[in-house]
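Asker: take a look and give me a structure for this.
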Amino acid sequence: CTDAGYKTEWCNAIIDLFKQQDWVKEKYPNEILFYRLGDFYECFFEDALIASRELELTLTGRDCGEGRRAAMCGVPFHKADVYVGRLVERGIKVAICEQVSDPKESQGLVKREVTRVVTPGTVTDASLLNEGKNNFLMSICLSESGIGIAIADISTGEVSATYLSGKDCLSLLRNEIGAYQPSEIIINRKANEISEISDFAKERFSSLITDNLSRLFVYEKAKELARRHFKDEADKLTESEMLMAAGALLSYIEETQKTDVTFAKGVNVYARGQYLELDLNTIRNLELVEAMRVKSKRGSLLWVLDKTKTAMGARTLRSYIEQPLIDKDKITKRLDAVDEFCPSFFHIPPKEFKEAWEKCYRGDKSVTYHHGFVLEKDNYFGYPKQKKSNFFKEMVDFGSCKGMFMSRPRQHSVTYLSRHTPDLRHEH
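Answerer: Coordinates of the predicted model:
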């Protein structure tokens with residue numbers, strides 16, 4: 001294209017296209033850029049070298065003007081999720097650059113923008129997730145006085161936060177990372193300043209570390225974001241480090257997903273002493289969630305206990321094992337809920353109870369729903385239709401019976417009843 005005879009309109013379009021690609025790539029230097037061209041996503045230059053190696057794609061090349069030749073590889077757009085998933089599994093971020101203007105109405109080059117960035121901690125595609133395990137993104141704010149931590153699973157809407165202080169706070173931080181096993185961690189400092197923590201997370205859990213993000217850990221911005229998303233619950237973020245960790249978490253999700261954070265409706269703030277503290281050696285030696293020899297769930301305590309029928313149940317059971325309660329009242333409340341919700345409460349055999357619940361989870365048309373409970377025909381789990389009011393009065397509240405309903409399904413709403421108020425409340 002540099003020769004005078006080849007400087008045609010077509011060659012100029014190619015040069016403009018690569019200039020546009022360079023302009024977009026400058027904004028996302030640490031991500032593999034999937035650049036939409038027709039029915040394919042193309043990768044260029046260094047991105048193409050990495051993508052071809054990791055995805056085993058054929059590497060090609062083409063002249064791109066100014067004496068340069070671009071390495072290229074591509075994937076069909078309708079199979080892009082598969083290839084993106086494989087890169088994310090290897091801890092590589094992927095920026096998806098789409099055509100955002102109509103080619104028929106565009107004069108010259110079609111406008112393109114990055115519409116989302118897929119990272120290990122922000123995956124929402126169910127096919128890329130382990131249904132029985134949460135996919136956590138962790139935010140860590142370190143200061144001289146303490147450490148603020150915020151954790152979110154954007155596929156389920158769970159957000160938690162805590163604050164660590166004292167001489168052993170780094171050791172406690174290791175335990176928190178071990179308890180959540182995050183797919184990705186964002187930190188306000190450089191990773192080499194806390195290499196003990198960053199190396200531990202990468203080596204033990206293959207966590208992707210995104211460091212030196214001090215621009216996201218800004219107190220005033222964090223305060224505004226927390227108030228907008230958590231409403232009055234933002235007041236529970238009493239320590240500035242914890243507030244900034246939560247704010248940075250929300251900012252990072254907004255930056256990567258290119259949309260407002262709608263899943264975050266509240267935050268669970270917990271303190272040291274709320275759960276039994278288990279270090280990694282204890283979790284490993286007791287084989288709570290993984291057998292030591294085979295490094296899998298089979299043979300562990302979780303494998304023995306897990307008779308759950310839903311993905312949200314499996315995730316919550318795992319969290320119960322990894323974070324055991326130590327408050328007697330809370331333990332009793334949980335056990336009472338399970339006891340009340342056992343099949344004998346509904347006067348039906350366990351097998352029929354499980355089958356009805358499975359129909360509810362599958363969305364079977366033979367069942368209907370009322371305030372989150374499955375009702376089959378005119379049978380309210382053993383209650384005659386005319387006595388259904390008694391059935392509802394005896395229901396336990398959602399918070400108490402998490403052992404059965406477990407937790408919010410991924411990207412779905414949950415409805416529940418409460419017997420602690422005179423009206424039948426439900427929440428979406």
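
Asker: how long is stretch 295-304 from one end to the other?
Answerer: Across its full length, stretch 295-304 reaches 15 Å between end residues, using CA to CA, to the nearest Å.

Asker: outside of that stretch, which residues touch it?
Answerer: By CB atoms under 8 Å, 6 or more residues apart in numbering, the residues outside stretch 295-304 that reach it are 132, 286-291, 293, 306, 317-318, 321. C-betas here are computed from N, CA, C, even on glycine.

Asker: same thing but at 10 Å, please
Answerer: Residues outside stretch 295-304 that contact it (CB atoms under 10 Å, 6 or more residues apart in numbering): 132-133, 283, 286-294, 306, 314, 317-318, 320-322.

Asker: element containing the residue nearest to Phe44 when sequence neighbours are not counted, please.
Answerer: Nearest residue to Phe44 in three dimensions, chain neighbours excluded: Ala70, at 4.9 Å (CB to CB, 6 or more residues apart in numbering). Secondary structure from DSSP states H and E places Ala70 in strand 68-76.

Asker: give me the helices and strands touching that strand, please.
Answerer: helix 9-27, strand 32-37, strand 40-44, helix 45-55, strand 60-65, helix 80-89 (3 or more CB pairs under 10 Å, 6 or more residues apart in numbering; DSSP states H and E).

Asker: tell me which residue lies nearest the centroid of the protein.
Answerer: In the chain, the residue lying closest to the centroid (CA atoms, centre = their mean) is Asp153, at 3.3 Å.

Asker: below-threshold pLDDT in the stretch 51-200 of the chain: ranges please.
Answerer: Along the stretch 51-200 of the chain, segments meeting pLDDT under 70 span 64-67.

Asker: mind listing the helices for it?
Answerer: 80-89, 169-180, 195-205 (DSSP state H, counting those that start in this stretch).

Asker: looking at those, spot the one closest to Leu55.
Answerer: helix 80-89 (5.5 Å; CB to CB).

Asker: for that closest one, which outside residues touch it?
Answerer: Contacts of helix 80-89 (CB under 10 Å, 6+ apart): 31-32, 34, 36, 40-41, 43, 50-51, 54-57, 74-76, 92-94, 96, 118-123, 125, 127-129, 183-184, 206, 208.

Asker: these, buried ones only, as a ChimeraX selection?
Answerer: To isolate the buried ones among the contacts of helix 80-89 in ChimeraX, judged by 16 or more other CB atoms under 10 Å, type:
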select :31,32,34,36,40,41,43,50,51,55,57,74,75,92,93,94,96,118,119,120,121,122,123,128,129,183,184,208
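
Asker: Thr308: neighbour count?
Answerer: 17 (other CB atoms under 10 Å).

Asker: likewise Arg228?
Answerer: Arg228, neighbours per other CB under 10 Å, totals 13.

Asker: now Lys309
Answerer: 14.

Asker: contacts only, for Thr332.
Answerer: Applying CB under 10 Å, 6+ apart, one finds that Thr332 lies in contact with Leu325.

Asker: residues of the helix or strand harbouring it that come out buried?
Answerer: Assessed by DSSP H and E, Thr332 sits inside helix 328-340. Across helix 328-340, burial judged by 16+ other CB under 10 Å covers 333-334, 337.

Asker: looking at those, which is nearest Cys169?
Answerer: The closest of the buried residues of helix 328-340, once distances to Cys169 are taken by CB to CB, is Arg334, at 29.4 Å.

Asker: that older thread, turn the buried residues of helix 328-340 into a markdown table, columns for distance to Glu254.
Answerer: Putting the buried residues of helix 328-340 into a markdown table (distance: CB to CB, whole Å) gives the following:
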| residue | distance to Glu254 |
| --- | --- |
| Lys333 | 36 |
| Arg334 | 35 |
| Ala337 | 36 |
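
Asker: pLDDT check: weakest of these?
Answerer: Across those, the smallest pLDDT goes to Ala337, namely 81.

Asker: my read is that Met244 contacts Val218, right?
Answerer: Yes. A contact is recorded between Met244 and Val218 when judged using CB atoms under 10 Å, the distance being 7.1 Å.

Asker: tell me, what's touching those two both at once?
Answerer: Common contacts of Met244 and Val218 (CB under 10 Å, 6+ apart): Asn188.
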